[in-house]
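Q: need a structure here:
(one chain, ligands or ions: 2)
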Amino acid sequence: MKSLFITLLFLFVFLHSAPLPSLSVRYPCAHASEIETWKEPLTGMEFVRVPAGCVRMHCAMDPKAASLPDAKPREICGQGLWAGKYEVTRGQFRIFVEATGYRTDAEKEGFSWLYTGKWEKKSGFSWEKAGFDQTDDHPVVHVSWNDATAMAAWLSETGSGRFRLLTEAEWHYACETGAEADCTTAGAEGICTSANVADRTALSAFPAWKTFPCEDGFVYTSPVGQFKPNGAGLHDMQGNVWEWMEDFCDIDAYRDGSMHSPHTPRGSMHTVRGGSWYSGLGYVGCSSRDVLLSPSRRSYDIGFRLLRVP
Ligand SMILES: [Ca+2]
Ligand SMILES: [Ca+2]
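A: Ligands and ions are numbered 1, 2, ... in the order given. Prediction:
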């Protein structure tokens, strides 16, 4: 049992630090006047229409394992989708909790995960007690995949429409849209205008970090929408908080070429995308992926974003 735990711990640490290389894509850059939005009335959650298109994506967890089948990029296409304009905020999650009495995995088990020189279980942290200052406009953190899908199920029953997490392919496409056009700022220094990442501001709390060579003004989470949107009009796809995916990336699940291929996660493994306020050089991006070992995993740098089902 001990060796199994050590193996799983090693796998988590290894995968937590294994970003993927960016793949080449071409998408139009949407202008603000062309972006179609819709607001869910119960929560005020805004959604943006991302037009139809295709993405090239692979599912490799280790970019060095280029010979593995999962490392071969596959073109996956969709008819367009409605993605959350922002990460789900603490205030929106509060509406869900107050309507249902829902208790998160962190609350039920009495702890969450924080970094104190190493990742540790720390008692008393939850969506209401992040471990740093947050307002209700910040993305909710310390929420598990179970918690995120529970909110999506509740909103589908109670709100206007049906909602779920994005699949890996949907998220990847929504993130990359406009990425090659002039509407986004790329590069290690430009990242601070479009994402809250591990920047020089963070050195005040984490002096040992290797940060991006710029300042975004936030050590921990920022309110959503503080930074430039991507080419599709979506904010904080990169950075701020990691975002839970509906599925676990398995290239075989995308053989039909659809961005939404209902797929049971492989074992208990689940994926988050995009990097967070905690992520430094090499760990932020549309191809950045992290694999977590349990749907009940939560930490102070993980949140989620919802998709509105057409
Ligand atoms: Ca930052
Ligand atoms: Ca994010």
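Q: drop to CA atoms for contacts and neighbour counts, all remaining ones
A: OK.
Q: just the terminal-to-terminal distance for stretch 124-143.
A: Stretch 124-143 has an end-to-end distance of 14 Å (C-alpha to C-alpha, to the nearest Å).
Q: got a list of contacts for that stretch?
A: Stretch 124-143 has contacts (C-alpha atoms under 8 Å, 6 or more residues apart in numbering) with 87-93, 104-107, 110-113, 220-224, 240-241, 297-304.
Q: can you list the buried residues in that stretch?
A: 125-128, 130-131, 134, 137-143 (16 or more other C-alpha atoms under 10 Å).
Q: now these in JSON lines, with pLDDT, secondary structure and distance to Lys72?
A: Putting the buried residues of stretch 124-143 into JSON lines (pLDDT from 0 to 100; DSSP: H, G, I helix; E, B strand; the rest coil; distance: C-alpha to C-alpha, whole Å) gives the following:
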{"residue": "Phe125", "pLDDT": "98", "secondary structure": "coil", "distance to Lys72": "40"}
{"residue": "Ser126", "pLDDT": "98", "secondary structure": "strand", "distance to Lys72": "39"}
{"residue": "Trp127", "pLDDT": "98", "secondary structure": "coil", "distance to Lys72": "38"}
{"residue": "Glu128", "pLDDT": "97", "secondary structure": "coil", "distance to Lys72": "41"}
{"residue": "Ala130", "pLDDT": "97", "secondary structure": "coil", "distance to Lys72": "38"}
{"residue": "Gly131", "pLDDT": "95", "secondary structure": "coil", "distance to Lys72": "40"}
{"residue": "Gln134", "pLDDT": "98", "secondary structure": "coil", "distance to Lys72": "41"}
{"residue": "Asp137", "pLDDT": "98", "secondary structure": "coil", "distance to Lys72": "39"}
{"residue": "His138", "pLDDT": "98", "secondary structure": "coil", "distance to Lys72": "37"}
{"residue": "Pro139", "pLDDT": "98", "secondary structure": "strand", "distance to Lys72": "33"}
{"residue": "Val140", "pLDDT": "98", "secondary structure": "coil", "distance to Lys72": "34"}
{"residue": "Val141", "pLDDT": "98", "secondary structure": "coil", "distance to Lys72": "33"}
{"residue": "His142", "pLDDT": "98", "secondary structure": "coil", "distance to Lys72": "33"}
{"residue": "Val143", "pLDDT": "98", "secondary structure": "coil", "distance to Lys72": "32"}
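Q: per-residue confidence at the residue of the stretch 51-200 of the chain found nearest ligand 2?
A: The stretch 51-200 of the chain approaches ligand 2 most closely through Glu87 (6.4 Å), counting by C-alpha to the ion. With respect to pLDDT, Glu87 has a value of 98.
Q: where's it relative to Ser258, distance?
A: Using C-alpha to C-alpha, Glu87 is found at 24 Å from Ser258.
Q: between those two, which one's more packed in?
A: Neighbour count, other C-alpha atoms under 10 Å: between Glu87 and Ser258, Glu87 has more, with 29 against 17.
Q: name the nearest residue to that one, sequence neighbours excluded.
A: Distances taken as C-alpha to C-alpha, 6 or more residues apart in numbering put Arg305 closest to Glu87, at 4.6 Å, once the chain neighbours are dropped.
Q: cool, Asp147 as well?
A: Distances taken as C-alpha to C-alpha, 6+ apart place Thr104 nearest to Asp147, at 5.8 Å, with adjacent residues excluded.
Q: that neighbour touches Ala148, doesn't it?
A: No - counting by C-alpha atoms under 8 Å, Thr104 sits too far from Ala148 to count as a contact (9.3 Å).
Q: those two - which one has more neighbours?
A: Ala148 (25 against 21).
Q: what is the host helix or strand of the more buried one packed up against?
A: Of the helices and strands defined by DSSP states H and E, Ala148 is found in helix 145-158. Helices and strands touching helix 145-158, by 3 or more C-alpha pairs under 8 Å, 6 or more residues apart in numbering; DSSP states H and E, are helix 90-100, strand 162-165.
Q: can you give me the helices for the chain?
A: Taking DSSP state H as the test, the helices found in the chain are 2-16, 90-100, 105-109, 145-158, 168-176, 187-194.
Q: quick check: which helices or strands does the fifth one pack against?
A: Which is helix 168-176. Where contact means 3+ C-alpha pairs under 8 Å, 6+ apart, helix 168-176 is packed against strand 53-57.
Q: give me the number of residues near Glu97?
A: Careful, residue 97 is Val and not Glu. Val97 has 15 neighbouring residues, counting by other C-alpha under 10 Å.
Q: cool, and Cys214?
A: Cys214 sits with 17 neighbouring residues when counted by other C-alpha under 10 Å.
Q: dihedrals phi and psi, it?
A: phi -160, psi 170 (degrees, to the nearest 10).
Q: can we start the residue count at 59 from this point?
A: Okay, using 59 as the starting number, the last item reads as Cys272.
Q: quick check, it in contact with Leu261.
A: No - contact criterion C-alpha under 8 Å: Cys272 and Leu261 do not qualify, at 11.3 Å.
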